[in-house]
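Chemist: just need the structure, nothing else, for what follows:
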Amino acid sequence: MLQEVWAGNNGSDYTTIGDSVNVASRLESYDKSLEGGICRILISEDTYTHIQTHFSTEFIGIVQLRGLEHPTKIYQVLTKLSPQDD
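Modeler: I've put the predicted structure just below:
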């Protein structure tokens, strides 16, 4: 399901708002709670459905992200698949 994101100037600040922005912020915060000390790209299932044929991913788990009503399936993006894998 595609989510709308609004971006633009809000007074003197450039900002983005929308559910997708909130999920991205929560995923970034959740990443800090994982061990390993590496920089991960975490995505929700909505994004996963759009990129799964282009990138190798690993399912991390189903978590309750702060401020969201329903649990979220989280994936880590690992590498871009080679063109023959597309």
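
Chemist: show me what whichever helix in the chain runs longest is packed against.
Modeler: Among all segments of the chain classified by DSSP state H, the helix with the greatest residue count is helix 19-31. Here helix 19-31 is seen to pack against strand 41-44, strand 72-80 when contacts are counted using 3 or more C-beta pairs under 8 Å, 6 or more residues apart in numbering; DSSP states H and E. In this view, the C-beta of every residue, glycine as well, is placed from N, C-alpha and C.

Chemist: which of the ones you listed is buried the deepest?
Modeler: Scoring the helices and strands packed on helix 19-31 by mean neighbour count under mean count of other C-beta atoms under 10 Å gives strand 41-44 as the most buried, with a mean of 18.

Chemist: that one packs against which elements?
Modeler: If you count contacts as 3+ C-beta pairs under 8 Å, 6+ apart, strand 41-44 packs onto helix 19-31, strand 72-80.

Chemist: can you put these in a markdown table and add mean pLDDT?
Modeler: Conversion of the helices and strands packed on strand 41-44 to a markdown table gives the following (pLDDT from 0 to 100):
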| stretch | mean pLDDT |
| --- | --- |
| helix 19-31 | 85 |
| strand 72-80 | 92 |
